Every structure is written in C-alpha cells, then in structure tokens.
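>>> below is the structure, and that's it, no one-letter string:
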C-alpha cells in the first residue's frame, strides 16, 4: 500500500502543481463558476486551497479569503 501512495505522490500532475504553489491560478468548476487565486496547498487527490480568491459567475465577481476546492468539481487552467 505504501508503494502505491509514493507512486501517486510522484505523478506528473502533482509535480506540476508543486511548481505552481504560491502562484496565481484559475479553476473552472462544473457549475460554471471560475475561481482565481494563489495556490496555497493541495493533496494527493488534487483537492486545492486557494488564498486571496475571487469567484466569478454570471452574477459578477466576489472576493474571498481562503477557499477549499474539491478536485472532482473543477478543471485547472494554467
């Protein structure tokens, strides 16, 4: 089981996310909202924490502090 976890942690998408830590990214959710903020952290499931986050939808843009995004709800735009 531990070998499987190590393989997941070293996968290419996670390595790419490591390079983006501390940088501004944009994520489109399946509900049509767009989240833009600084990549604070993530886990092996690609759940993401953004800080200084702005959420944009058809009603406009709102500022948020820290936001947790579950990986199954979005598509990362780099």
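Ah, there it is. Just so it is clear, the structure is predicted and the values come from calculations on it, not from any experiment. Numbering: from 1, shown residues only.

>>> gap between the helix or strand hosting residue 41 and the chain center?
Assigned by DSSP states H and E, residue 41 belongs to strand 34-42. Distance of strand 34-42 from its chain centroid, counting by C-alpha atoms, centre = their mean, to the nearest Å, is 5 Å.

>>> average pLDDT across that strand?
For strand 34-42, mean pLDDT is 95.

>>> same check on stretch 45-58?
With pLDDT averaged residue by residue, stretch 45-58 scores 94.

>>> mind listing what's buried along that stretch?
46, 48-50, 53-55 (16 or more other C-beta atoms under 10 Å). For every residue, glycine as well, the C-beta is placed using N, CA and C.

>>> cool, and stretch 37-44?
Neighbour-count burial for stretch 37-44 [16+ other C-beta under 10 Å]: 37-40, 42.

>>> assess the claim that residue 49 and residue 43 are in contact.
No: if you go by C-beta atoms under 8 Å, residue 49 and residue 43 don't touch, sitting 9.1 Å apart.

>>> if we can go back for a sec, state the pair within the buried residues of stretch 45-58 that is farthest apart.
Farthest apart among the buried residues of stretch 45-58 by C-beta to C-beta are 46 and 54. That separation is 20.6 Å.

>>> can you tell me the centre-most residue of this protein?
Residue closest to the mean C-alpha point of the chain, counted by C-alpha atoms, centre = their mean, is residue 48 at 3.7 Å.
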